[in-house]
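Asks: Would you be able to build a 3D model of this:
(2 chains)
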Amino acid sequence: MFNDHNVTYLNNERKHMLELKLAYRNLVGAKLRTVLNVGILSFIYVLIIWHQSLFNGMYGQASQFMIKDDIGGGQYWFEKYDPYDLSLIDDIHGKIPEEIEHLIQHKQAAPILIRPASFFPKGRIQSVLLKGIEPEQTILDIPTTKLGEESGYLPIMVGRLMAKKNFLQDGDTFTIQWRDANGTFDAVEGKIVEIMNSFVPAIDKGQMWVSLDKLQKMSVLEDEATIIVVGKNVKNQKDLSYWTFRNPEYLLQEVTAIVSSKRGGSIVLYMILLFLAMLAIFDTQVLSIFRRRKEIGTLMALGMVRSRIIKLFTLEGALNGILGMMLASLYGAPLLILSEKHGIPLPFKAENAGMALTPRLYSEYSAGLILGTILIVLLTVTFVSYLPSRKISGVNPTEALRGKIS
Amino acid sequence: MALVELENIVKRFPIGIQQGTKGSRYFTALNDISVQIDKGELCAFIGPSGSGKTTLLNIIGSLDAPSEGSATVLGNKVEKLNERQGALLRSKHMGFIFQTYNLLPVYTVYENVEFPLLILNMSEMERNRKVMDALDWVKLTDKKNSRPNQLSGGQSQRVAIARAIVKKPELVLADEPTANLDAENSYNILDTMVMLNKDLETTFIFSTHDEKVIKYLRRKIYLMDGKIVKDERVTT
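Replies: Model (predicted):
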């Protein structure tokens, strides 16, 4: 019945190229509209990836410092120990369990005894927590070696924040007073032998580090500790009697919560920006369909089915997202790399952040972050482009050819 | 068998709600049209505005369906075709020429003419050959890289003709093809279509009220108020 011509028919790949080429040409033809849409979208890509990377960097930095200087591979806490409530710290200590002794001997664990005390810098009185740790320990990356020095003074290490607040310097001496396990008050002259440059406030503020051995003797608490830090390579630790094991995830939950809450707040910002961009894309699509109603009728007359025309217009809108991504990679990639290498200065003092941060925040990227952002933006753009394009399914070709669209 | 067979075609359009009743009001654009058009004819539906010419052309072109009656085009009953079948019929076997050319503004002349072949998923080599043949027929090979906004009215319509005949369809429907052209361009266009009708044996059906076009036709079907009032064949 039909007189088929002697032609070669190819597969569906060529069909998709037709829509892609036409969509691309129409986008380029729209000039300023396309530039604005693509520009906005590229900005959104860069902003979301960069902003999220800062949160990744924040978490990465804080967790890295905390694991290195404070948490290690996890901690055993003596019963009732609560780092946020140290009112009963005087009574929170216990014998180091035998199960952990071999770890300590093989330098895979470091016991820490915590005792309340007072010290008298330049005639003032200040409360402080004395933390006793083995000078030769290698679990935490803090310079404890000098705590083993023998002199007429008690060797003390403080953090830089503690030193700054109390005007302490290397070599300063002062009186330290404490109460031992029997309730007897005693005092000794302490000397600053090390000011450690840690970014972890949890091991710095209000604390002084001394030799474990010396603190145990001072407190009459031989072989006792308050917490025991295990090394990063020590796995599968379980609770022991009187001692509860806290894994790194548990110990980092505050940091996790802080970063999550900041992320949550920023997501509102992204949604607003994305919404505004989608509104622009939507309006562009509506205008495009209205202006090109005759073209839609022509495409139908030439033999294009409605679904293909819908696909064409949807693709046009979605292409904004793809072009936006390409533009973002052009100017965004150098900026993002700079942010990763050189960081940005924190707008506030790092010590006021409530977490372990350096004065500069460095971006951390992941494939998931970049691909996830691209996917979310592209899917949203495609959906928003599809919404007005659906209208074409109800278009009457004869009316469209006359320039009408219902 | 005729290429186009129209039997008792009626086409009504709703124009609003009839006051005092629950029904809609209708305008009858075509009223009991019956006509047969054979292969190779060069004919036209002639009449003033509102006589139903374009509506008839749209039905033959499967862009619209009759309210009553039967329209058989190339062996297919138009009123029974779904969207895909109608699109396939148009893409493979029909060409359209519009009053306002309706070229795709973002494509070059070459790409505009190539477009129907892309819908047919033809190979690049085949497409290139056919497009250049079509441009040669309408004498626009030197303009193949131009955009529609760089062409004159006459040139634009010739591109539209090339697009319509590039796949050598059995049937070309031209809706007022000379309405936006001056006399010289109109005659050029008509000469081209007469030549293609003769060389390719393509059936041309126009809708027109242009006297310049009427002189070229071998068959003139006059319409008035949706009815055929005269069907005149010119013997040469």
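Asks: Helix or strand next in line after the helix or strand containing A:Phe383, which one?
Replies: Take DSSP states H and E as the rule and A:Phe383 turns out to sit in helix A:367-389. Read in the C-terminal direction, the helix or strand following helix A:367-389 is helix A:397-401, with elements assigned using DSSP H and E.
Asks: quick one: the strands in chain A?
Replies: Using DSSP state E, the strands assigned to chain A run over residues A:75-78, A:94-95, A:109-120, A:126-133, A:154-159, A:173-179, A:185-196, A:207-211, A:224-225, A:227-230, A:243-246, A:344-345, A:360-361.
Asks: Average pLDDT for stretch A:24-36, rounded please.
Replies: For stretch A:24-36, mean pLDDT is 89.
Asks: need the contact list for the residue in chain A that chain B sits nearest to.
Replies: Nearest residue of chain A to chain B, counting by CB to the nearest CB: A:Gly303, 2.4 Å away. From N, CA and C alone the C-beta is placed, and that goes for glycine too. Each residue near A:Gly303 by CB atoms under 8 Å, 6 or more residues apart in numbering or on different chains is listed here: B:87-88, B:90-92, B:116, B:119-120.
Asks: Am I right that B:Leu30 falls within a helix?
Replies: No. The assignment for B:Leu30, made by DSSP: H, G, I helix; E, B strand; the rest coil, is strand rather than a helix.
Asks: mind listing what it touches?
Replies: Per CB under 8 Å, 6+ apart, neighbours of B:Leu30: B:9-11, B:52, B:55-56, B:59, B:66, B:226.
Asks: Need the residues that contact stretch A:211-224.
Replies: So stretch A:211-224 is contacted by A:93-96, A:111-113, A:115, A:130-135, A:147-148, A:154-155, A:178, A:180-182, A:186, A:188, A:225 (CB under 8 Å, 6+ apart).
Asks: run the last query once more with 7 Å
Replies: Contacting residues not belonging to stretch A:211-224 are listed as A:93-96, A:111, A:113, A:115, A:130, A:132-135, A:147-148, A:154-155, A:178, A:180-182, A:186 [CB atoms under 7 Å, 6 or more residues apart in numbering or on different chains].
Asks: Same question for stretch A:306-323.
Replies: Counting by CB under 7 Å, 6+ apart, the neighbours of stretch A:306-323 from elsewhere in the structure are A:19-20, A:22-24, A:26-27, A:34, A:37-38, A:41, A:281, A:285, A:288-289, A:296, A:299, A:377-378, A:381-382, A:384-386, A:389-390, A:392-393, B:83.
Asks: Provide a PyMOL selection command restricted to the buried entries of those.
Replies: Once 16 or more other CB atoms under 10 Å in any protein chain shown is used to decide burial, the buried members of the contacts of stretch A:306-323 can be selected in PyMOL as follows:
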select buried, chain A and resi 19+22+23+24+26+27+34+37+38+41+281+285+288+289+296+299+377+378+381+382+384+385+386+389+392
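Asks: can you give me the end-to-end distance of stretch B:219-229?
Replies: From its first residue to its last, stretch B:219-229 covers 14 Å (CA to CA, to the nearest Å).
Asks: mind listing what's buried in it?
Replies: Neighbour counts using 16+ other CB under 10 Å place B:219-223, B:226, B:228 of stretch B:219-229 among the buried residues.
Asks: export these to TSV and tack on secondary structure, pLDDT and distance to chain A?
Replies: Output for those, formatted as TSV (DSSP: H, G, I helix; E, B strand; the rest coil; pLDDT from 0 to 100; distance: CB to the nearest CB, whole Å):
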residue	secondary structure	pLDDT	distance to chain A
B:Arg219	strand	92	22
B:Lys220	strand	93	24
B:Ile221	strand	94	20
B:Tyr222	strand	94	22
B:Leu223	strand	93	17
B:Gly226	coil	91	16
B:Ile228	strand	93	21
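Asks: Sounds good, over and out.
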